[in-house]
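**Q** after the sequence you'll find the predicted model.
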Amino acid sequence: MPVPTQPDRAPRIFMAITPKELGVLYSEAALERLRRVGEVVLPPESGDARVHLPEGLADDYDVLITSWSTAPFDPSALSGSRLKYAAHTAGTVRGLFPKHVLEQGLRLAQGGSAAMATAVAELALTFTLVLLRDVHSMDRRLQATRDWKAGGSGVLTHGIREQTIGVLSLSRVGREYVSMVRGLGVRTVLAHDPFATADDAAALGVQLVGLAELCERSDVLAIHAPVTDETRGMLDAAMLARLRDGATVLNTARSAVIDMESLTAELVAGRLRAGLDVFDSEPLVEESPLYGLDNVLITPHVAGGTVEARRAQGDGVVEEITSFLTGAPLRYEVTPEIYDRLS
């Protein structure tokens, strides 16, 4: 059913997003579509890095839109006579919305995460191809020496089709990554995900295995798992030791899934290779031993950050709010049942 409103007024939508971030996430066309379903209220320009919720928000507005630039708030600010729905344009909702607000009746969408899935999977695929073909090492040596042979002329690398690709979690990103590597002709894709069914695996063309088997058989292990009580530190020293010599570890998800101290030791020793976008300490500290390793690619937590993904985040939130206000089915709703599995 559509959200109940007074006969003489349109739903009011408060966008708790700074003007700078608003321009990145929402096109003028997207904002115009949003204005067709409600009265859109933007925060006053203040020059602050974050937007604070106005007093009386829950009694004055029907819908709240949040993002990275939304300042943390007391969850009690969401309790009122009017506010029924919130849509988060960024990734995880946990930093702003504790689980109990859902159990008290607020409905919530994680619109940004779905839109970023393709971009995150693309970076994981980029890591995969660059590391298999040793592109980064050849470029570094050739740029440094300007010597054709020293740069790697004649060195044989690896193709992707013959690799056994392991995927930790068939999340939205995990599924996108599977689709991409399968599209490139990879024949053997393994996955570990306690929530995936046999039908999920068959549809994706993957084989479900236990975590130990995933580590033992994977040439490339791509991590796409959220951080939960069950996943935190699940790739510990013992699991990493099960990876074959020369295996590649990719992490564009959350650093806490891996014992980073043990992974770093493996990388410094040269036994494994890695493509890493997330770290225990961000920014990555200057004294990190990961700097300068030929067997490691690092990026500064940018996996979801493409121009196209950001605009898709805004478009997805507009579509989801429109569905909520018109009584159509929701695609990205966060419920109490799945809250703990999201990251």
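**A** Arrived safely.

**Q** low-confidence ranges in the chain?
**A** Within the chain, the stretches with pLDDT under 70 are 1-8.

**Q** how does this structure divide up, domain by domain?
**A** For the chain, automatic domain parsing gives the domain ranges 12-114+307-339, 117-298.

**Q** which residues of the stretch 201-343 of the chain fall in helices?
**A** 211-217, 237-242, 260-269, 307-326, 336-339 (DSSP state H, counting those that start in this stretch).

**Q** who wins for proximity to residue 183 among the ones you listed?
**A** Residue 183 sits nearest to helix 307-326 of all those, at 18.3 Å, using Cβ to Cβ. (Each C-beta comes from the backbone N, C-alpha and C, glycine too.)

**Q** could you pull out the buried residues of the closest one?
**A** Using 16 or more other Cβ atoms under 10 Å as the test for burial, helix 307-326 gives 309-321, 323-325.

**Q** between the longest helix seen in the chain and helix 307-326, how big is the angle?
**A** Criterion DSSP state H: the longest helix present in the chain is helix 111-133. If you take axes from the mean of the first three to the mean of the last three Cα atoms, to 10 degrees, helix 111-133 sits at 150 degrees to helix 307-326.

**Q** buried stuff in helix 111-133?
**A** Quick answer for helix 111-133 (16+ other Cβ under 10 Å): 111-128, 131-132.

**Q** who does it touch, helix- and strand-wise?
**A** Helices and strands touching helix 111-133, by 3 or more Cβ pairs under 8 Å, 6 or more residues apart in numbering; DSSP states H and E, are strand 85-88, helix 172-183, strand 220-223, strand 248-251, strand 273-276, strand 296-298, helix 307-326.

**Q** got the CA coordinates for it in PDB?
**A** Extracted as PDB, the C-alpha positions of helix 111-133 are listed here (Å, rounded to 0.1, in the frame of the first residue of the first chain):
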ATOM      1  CA  GLY A 111      20.000   1.500  -2.300                       C
ATOM      2  CA  GLY A 112      23.700   2.400  -2.800                       C
ATOM      3  CA  SER A 113      25.200  -1.000  -2.100                       C
ATOM      4  CA  ALA A 114      23.400  -2.700  -5.000                       C
ATOM      5  CA  ALA A 115      24.500   0.000  -7.400                       C
ATOM      6  CA  MET A 116      28.100  -0.300  -6.300                       C
ATOM      7  CA  ALA A 117      28.200  -4.100  -6.800                       C
ATOM      8  CA  THR A 118      29.200  -4.000 -10.400                       C
ATOM      9  CA  ALA A 119      32.000  -1.400  -9.800                       C
ATOM     10  CA  VAL A 120      33.400  -3.500  -6.900                       C
ATOM     11  CA  ALA A 121      33.300  -6.600  -9.000                       C
ATOM     12  CA  GLU A 122      35.100  -4.800 -11.800                       C
ATOM     13  CA  LEU A 123      38.000  -3.900  -9.600                       C
ATOM     14  CA  ALA A 124      38.200  -7.500  -8.300                       C
ATOM     15  CA  LEU A 125      38.300  -8.600 -11.900                       C
ATOM     16  CA  THR A 126      40.900  -6.000 -12.800                       C
ATOM     17  CA  PHE A 127      43.100  -7.300  -9.900                       C
ATOM     18  CA  THR A 128      42.600 -10.800 -11.200                       C
ATOM     19  CA  LEU A 129      43.800 -10.100 -14.700                       C
ATOM     20  CA  VAL A 130      46.600  -7.800 -13.800                       C
ATOM     21  CA  LEU A 131      48.100 -10.200 -11.200                       C
ATOM     22  CA  LEU A 132      47.700 -13.300 -13.500                       C
ATOM     23  CA  ARG A 133      49.500 -11.500 -16.300                       C
END
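
**Q** centre of the chain to that helix, how far?
**A** 9 Å (Cα atoms, centre = their mean, to the nearest Å).
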